[in-house]
Each structure stands twice: as structure tokens, then as C-alpha cells.
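In: model this:
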Amino acid sequence: MAMWVFGYGSLIWKAGFHFDERVVGFIKGYRRVFHQGSTDHRGTPKFPGRTVTLEPAEGEVCWGAAYKITKKEDKEVAVTYLEVREKQYDKKAYLDLFTDPMATTPAVSGVMVYIASANKQLNSNYLGPASLEDIAKQIIQAEGPSGPNRDYLFQLEKALLELGCEDKHVIDLANTVRRILSEEDSASK
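Out: A predicted model of the protein is given here:
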């Protein structure tokens, strides 16, 4: 039986494991938000970066990429890899993946999704909502072993646009980061 994994953040452009098929699609009832702190990839424990998680949102959809893994060994390697990579995400959900906005039946059921919950007792890295400006400033300053937090944001924006998805939150945040960087650049000249 095949295993499916849905990526809505960096998994879109960097799976990091062997897969048999990649399908662009969406999950219903969630939206992508920069509410998760990253102390191991895009920030540090002293200055966490911000990465995306999902929050329930009735009537909304979250686009991303789903990966089909069929071979037993590939599944084991992928799960081991993902448990380390996504260790700051405290929840796994098994959701329906849709590929057609008009469809009433999912293309795939039981797609595994890593989610960082808002429960601070289970997820000590949850940062929660903040103003677009504050999130942008934190993203500009944060950097971790995987690189600057702004690179994560810009890569996510690019990857989503390549999928044909215009995520307003991601685009607004990327534009705010660009504006602040441009203002800082102008002020330093």
C-alpha cells in the first residue's frame, strides 16, 4: 500500500526522500500561516525563525505537493527522515487531497500531513499570530543552520507560484520583507 505525504512548506521544493510520484493538490479546511518557530533550521533557540504551519480555517484550502511512496524501504527511510526534519511539528493528520477545485471526491485519502499545533504544552516552538510587519522583521533577522529565514519565505513564494498558487499571506509577507529590506538599504546609503 502506498504512503502519501503532503508538503505545504519547504517539502514543496525540497522533499529530501525518494518518491514515486509528486502530485500538486490541496487540502480543505486549513490555511498556511507563519506561526511556527524554527530553532533548528531557520533560526536558533535564542532567535527563532518563522516557518509555516496549518491552522483550521473553514471554507479555505491550502495548496501544496503530495508525494507517493510505494516501496517498503523508501517508506521507512522517508518516515525516519521526516521524523527528524519535522520534529518541531507535534501533530500528524491524515487528510484528503484534492487536485480539482470542482471535485467533491478526493484524489487521495489519508495523506499524512505534519502540523505544528497551537498547544504550547505540546509545541514549545509555537509563536502564534503577530502583525505582518512584526513577522516580517523577525524573518529578516532570523538565520539558522539551513540558512536565512527570508530565503525560506522567498523559496516558498516562488514554489507556490510555480504550482500556480497565489497564497495571499505568503505574497503579502514576502512583499513586506522586500519593502523593509529596501527601506533599510536606502537608509544605509
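In: now what about stretch 134-144, what contacts it?
Out: The set of residues external to stretch 134-144 that reach it, using C-beta atoms under 8 Å, 6 or more residues apart in numbering, is 34, 38-44, 47-50, 130, 148-150, 152-153, 173, 176-177, 180-181. Quick note: C-beta positions are derived from backbone N, CA and C, even for glycine.
In: now go through those residues and say which are in strands.
Out: Using DSSP state E, 34, 38, 49, 50, 148 are the members of those that sit in strands.
In: which of the residues you listed sits closest to residue 18?
Out: For residue 18, the nearest member of the ones in strands among the contacts of stretch 134-144 is residue 38. The distance, counting by C-beta to C-beta, is 24.9 Å.
In: for the longest helix seen in the chain, buried residues please.
Out: Counting by DSSP state H, the longest helix found in the chain is helix 168-187. By neighbour count on 16 or more other C-beta atoms under 10 Å, the buried set for helix 168-187 is 170, 173, 174, 176, 177, 180.
In: pLDDT and distance to residue 15 added to those, as TSV?
Out: Conversion of those to TSV gives the following (pLDDT from 0 to 100; distance: C-beta to C-beta, whole Å):
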residue	pLDDT	distance to residue 15
170	98	19
173	98	23
174	98	22
176	98	28
177	98	25
180	97	31
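In: can you redo the ones in strands among the contacts of stretch 134-144 as JSON lines with neighbour count?
Out: Shown next, in JSON lines, are the ones in strands among the contacts of stretch 134-144 (neighbours: other C-beta atoms under 10 Å):
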{"residue": "34", "neighbour count": "27"}
{"residue": "38", "neighbour count": "25"}
{"residue": "49", "neighbour count": "28"}
{"residue": "50", "neighbour count": "26"}
{"residue": "148", "neighbour count": "17"}
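In: tell me which of those residues is nearest to residue 65?
Out: Nearest to residue 65, judged by C-beta to C-beta, of the ones in strands among the contacts of stretch 134-144 is residue 34 at 18.7 Å.
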